[in-house]
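Peer 1: Predicted model, plus sequence, below.
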Amino acid sequence: MFVAIGLMFLGMLAGFLLRGRPLAAVLSRCVTPAIVLLLFALGISVGGNRTLMSALPELGSAAVLLTLFGVGGSLVCVLCIRRFFRQPPEPEALKAFCASSAAGNSCSARVAAPVDSAAGGNSAGKGQGGSHS
Amino acid sequence: MNGSLMILFFFGAGVLLARLGVVPDYFIEHDMTLYVLWALMLLVGVSMGADRRLGEMLRTLRPCVLLLPLATTVGTFAGTALASLFLVYSAAECMAVGAGFAYYSLSSIFITQYKGPELGTIALISNIARELMTLLFTPLLVRFLGPTAAISCGGASTLDTTLPVITRYAGKQWIFISIVHALVLDFSVPFWVTFFCGI
């Protein structure tokens, strides 16, 4: 466990140093093949294990139960903090993200207005608050 | 969705090949996945370190935005811990499964390595189910519980696979919070999963 986390931090350092170099992009692209390979191996160990194969329906229902409880818990917590999100927060970062991503054009246009109108204050939410309530 | 299908395909192919007995016994007896996992961790680290988006987001972020991923994390852990009362698995094991936050590929691999293929398979199914649920129920969640509920349900998948459906039903103004939410959860998955597998 500590080896894995340690390797990840080592990788983060390497990635930080390699920022902007082509090698970083190549290495990032290797994540998916590695994941696919490991899931293939997981499939082999499940398929090769008779007791596990016969227990598959029970494993599936345990999994779905965990999903329902996990999502349910999330929803309850979100309902508690929902009042902080009357207006979606739209800071400057979205503009930067949209400009750099392919889906950019339409959403940077959408964001430009509220951010500009709130330029005097320090938060976009403050600028929009009046029109909402 | 293409990525999910490919991953399911490879998992299914592995199951099928092993069932048919085509796989040499050598691979079943000698497990080399640990070294591949270590290589994967290194690669995940590199892609995190080389990613400019997280730094940019954090620099311009108001702390209030982090409330949503926090709520998702706390809620998921509380819910899965509660579910452990009805299952044969310990609370830590159930929370490790929940800590995938719909990031099924990485979390199920980790859990397989540390807890065995049984819990690994549960993690795979459970986290794929979370993504499917988000894809299917986002329109209802947005309508009855609000956009934040849909984003929270999506977990770490609101950055890629479920972003289109959330954008469509919640509106474009929720893209930012959706992306921040997923980025924070994405980066926390390896830590939480190894943490819960360790205790």
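Peer 2: Structure's in. What do you need?

Peer 1: Hmm, residue A:67 is touching residue B:134, no?
Peer 2: No. At 10.4 Å, residue A:67 does not count as touching residue B:134 under the criterion of CB atoms under 8 Å. Glycine gets a C-beta too; all of them are placed from N, C-alpha and C.

Peer 1: ok, residue B:150 touching residue B:169?
Peer 2: Yes. In this structure residue B:150 lies within contact range of residue B:169 using CB under 8 Å: 7.0 Å.

Peer 1: Which of the helices or strands spans residue A:34?
Peer 2: The secondary structure element spanning residue A:34 is helix A:31-47 (assigned by DSSP states H and E).

Peer 1: got a list of contacts for that helix?
Peer 2: Contacts of helix A:31-47 from elsewhere in the structure, counted by CB atoms under 8 Å, 6 or more residues apart in numbering or on different chains, are A:52-53, B:3, B:6-7, B:10-19, B:23, B:27-28, B:31, B:33, B:36-37, B:39-40, B:43-44, B:47, B:105-106, B:108-109, B:112, B:117, B:120-121, B:124.

Peer 1: so after that helix, what's the next helix or strand?
Peer 2: Next along the chain after helix A:31-47, with elements defined by DSSP H and E, is helix A:50-54.

Peer 1: packing partners for that following helix?
Peer 2: Taking 3 or more CB pairs under 8 Å, 6 or more residues apart in numbering or on different chains; DSSP states H and E as contact, the helices and strands that helix A:50-54 lies on are helix A:31-47, helix B:117-145.

Peer 1: Of those helices, which shows the lowest average pLDDT?
Peer 2: Ranked by mean pLDDT, these end with helix A:31-47 at the bottom, a mean of 81.

Peer 1: Tell me the buried residues in stretch B:97-111?
Peer 2: By 16 or more other CB atoms under 10 Å in any protein chain shown, the buried positions in stretch B:97-111 come out as B:97-111.

Peer 1: among these, which are in helices?
Peer 2: Counting by DSSP state H, the part of those found in helices is B:97-98, B:104-111.

Peer 1: and those residues as TSV, adding pLDDT and distance to chain A?
Peer 2: Listed next are those as TSV, based on pLDDT from 0 to 100; distance: CB to the nearest CB, whole Å:
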residue	pLDDT	distance to chain A
B:97	93	5
B:98	93	4
B:104	82	9
B:105	80	4
B:106	83	7
B:107	87	11
B:108	86	7
B:109	86	5
B:110	86	8
B:111	90	10
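
Peer 1: Quick check: nearest residue in space to the residue nearest the centre of chain B, chain neighbours excluded?
Peer 2: With distances taken as CA atoms, centre = their mean, residue B:103 lies nearest the centre of chain B, 1.8 Å away. Counting by CB to CB, 6 or more residues apart in numbering or on different chains, the nearest residue to residue B:103 once its immediate chain neighbours are dropped is residue B:156, at 4.2 Å.

Peer 1: mind checking the SS state of that neighbour?
Peer 2: When states are read from DSSP: H, G, I helix; E, B strand; the rest coil, the local structure at residue B:156 comes out as helix.

Peer 1: wait, isn't it in contact with residue B:179?
Peer 2: No. Counting by CB under 8 Å, residue B:156 sits too far from residue B:179 to count as a contact (11.1 Å).

Peer 1: quick one, which of the two is more surrounded?
Peer 2: residue B:156 (30 against 21; other CB atoms under 10 Å in any protein chain shown).

Peer 1: Low-confidence ranges, chain B, go.
Peer 2: Low-confidence segments of chain B, defined by pLDDT under 70, are located at B:1-4, B:25-32, B:54, B:57-58, B:60.

Peer 1: same question, chain A
Peer 2: Judged by pLDDT under 70, chain A has its weakly predicted residues at A:1-2, A:88-133.

Peer 1: Do a quick rundown of the strands in it.
Peer 2: Along chain A, no segments are classed as strands by DSSP state E.

Peer 1: So which residues of it form helices?
Peer 2: Counting by DSSP H, the segments of chain A that form helices are A:2-17, A:22-29, A:31-47, A:50-54, A:56-81, A:92-100, A:104-117, A:124-132.

Peer 1: what's in contact with the second one?
Peer 2: Just to be clear, that refers to helix A:22-29. In this structure, residues lying in contact with helix A:22-29 by CB under 8 Å, 6+ apart are A:15, A:18, B:43, B:46-47, B:49-51.
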